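Visitor: give me a 3D structure for the following:
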Amino acid sequence: MAQKPATLKDVAAFANVSRATAARALNSYGYVGDETAQRVRDAAEKLGYRGNRLAQALRNGQLPIIGCILGDIQNPFFARIAHDIEVLARGNRYNLIIGSSEEQLEQEVSLLASLQSLSIRGFIVAPTSDENNFHLRRLIEENVPLVLIDRVVQGIECDSVLVDNEGGARKAIEYLISMGHRRIGLLQDDTRIFTSRERLSGYQHALVAGGITPDDRMISVSQSTVEHAIDATIRLFSQKVPPTALFTVDSLMTQGALLAFRAMGISIPHDVSLVGFDDFNLATFTDPQITVVAQPVSEIGLAAARLLFEKLSGQSRPSEQIRFETRLLVRGSVSRRPEG
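Guide: Numbers count the residues shown, from 1 in each chain. Have a look, this model is predicted:
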């Protein structure tokens, strides 16, 4: 019968120490006396314990691993980006560790600290906030390769990849105005997030340019989930004078709006017109198909990974900022309305 691999418990017993002490000695954290640490290492070697070798390799940066912290991995936009980064990482003989901040700064900071403790070679991050960015500044100060994706942070000099969010939102609203709409609703998420602020700015600027005074009653704020978007849409369209058109700032909100309209018996585009930011698979399976502002999502993750691997290969160059254009894909979810 094959002998079972040695465990941390076995090593601790052989060295006559606690498992906590054995773990500290083998993984190089906390304090362990030199004589005790050597006794634990000798025990691990004699028993053929392997776990410590992986941990040591991680901590010493000997394994080719990069980290990626995105906003919400359940969002199809971020899921596709993670997939594309992983493909390019694999082609460069790197492994990828993915974390989801769920748009919470505390979780982003915690994830980054955990990954840094493994001496990961470089990071691709979609920051939740551009105000509290001490953790990202520390990466720059420590010369850890960093690429910001989908969002930028003021005052941090590093590579970044994003799209023209403001311009994309402006295209959507200009199109709705050209179709006769004056009461144009907005379903948006937290303005702490860079993309949300940019899309709000594009919405407002397009209204003003079209001779329409922005009205806070036309804006409903929601977390970027289908469930929260349903509630936010129902609130917006339960007003005495609701919008005649709606612009949603991402695909999850677009899906939430569609479900809310169905529940309320509101017909697209007869009763309300709809334009969403971000294309998504179901957008062409609905009846009518949904007009969207499309991002070149297939290029975003690959561009970020390329920038990171250039840095990891030792290339010395100024930081590069890539900003992709968006496209308005006109389908069937907008109807012409002579009067707003």
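Visitor: could you confirm I98 falls within a strand?
Guide: Yes: assessed by DSSP: H, G, I helix; E, B strand; the rest coil, I98 belongs to a strand.
Visitor: continuing past the worst-scoring helix or strand of the chain on mean pLDDT, what's the next helix or strand?
Guide: Ranking every helix and strand in the chain by mean pLDDT, DSSP states H and E puts helix 51-59 at the bottom, with a mean of 59. The first helix or strand that comes after helix 51-59 along the chain, using DSSP states H and E, is strand 65-70.
Visitor: let me see the mean pLDDT of the helix or strand following that following strand.
Guide: Along the chain past strand 65-70, the next helix or strand (assigned with DSSP H and E) turns out to be helix 76-91. The pLDDT scores in helix 76-91 average 94.
Visitor: so which bits of helix 76-91 are buried?
Guide: Within helix 76-91, the residues that count as buried by 16 or more other Cβ atoms under 10 Å are 76-79, 81-82, 84-86, 88-89. (C-beta placed from N, C-alpha, C; glycine too.)
Visitor: what of stretch 211-218?
Guide: Under 16+ other Cβ under 10 Å, the buried positions of stretch 211-218 are 212, 218.
Visitor: ditto for stretch 332-340
Guide: In stretch 332-340, counting by 16+ other Cβ under 10 Å, buried: 333-335, 337.
Visitor: for the nearest residue to C158 once chain neighbours are set aside, phi and psi?
Guide: Counting by Cβ to Cβ, 6 or more residues apart in numbering, L146 is the residue found nearest to C158 once chain neighbours are left out, at 4.7 Å. Per-residue torsions, L146: phi -140, psi 130 (degrees, to the nearest 10).
Visitor: equivalent analysis for the one 5 residues further on, please.
Guide: Note on R151: backbone dihedrals following degrees, to the nearest 10 are phi -140, psi 160.
Visitor: do I268 as well
Guide: According to degrees, to the nearest 10, I268 has phi -100, psi 130.
Visitor: now the helices: where do they sit in the chain?
Guide: Ranges of helices in the chain, per DSSP state H, are 8-15, 19-27, 34-47, 51-59, 76-91, 105-116, 134-141, 165-178, 194-209, 226-237, 251-264, 297-312.
Visitor: now the ones you listed in a markdown table, with distance to L70?
Guide: Converted to a markdown table, these look like this (distance: least, Cβ to Cβ, whole Å):
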| stretch | distance to L70 |
| --- | --- |
| helix 8-15 | 32 |
| helix 19-27 | 27 |
| helix 34-47 | 36 |
| helix 51-59 | 21 |
| helix 76-91 | 4 |
| helix 105-116 | 10 |
| helix 134-141 | 14 |
| helix 165-178 | 16 |
| helix 194-209 | 12 |
| helix 226-237 | 18 |
| helix 251-264 | 14 |
| helix 297-312 | 10 |
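Visitor: quick one: closest of these to L328.
Guide: Checking the helices of the chain against L328 by Cβ to Cβ gives helix 165-178 as the closest, at 4.6 Å.
Visitor: quick check, distance from that closest one to the centre of its chain.
Guide: 23 Å (Cα atoms, centre = their mean, to the nearest Å).
Visitor: that one - what's its average pLDDT?
Guide: Mean predicted lDDT for helix 165-178 stands at 98.
Visitor: in it, what counts as buried?
Guide: Buried-residue list, helix 165-178, by 16+ other Cβ under 10 Å: 165-177.
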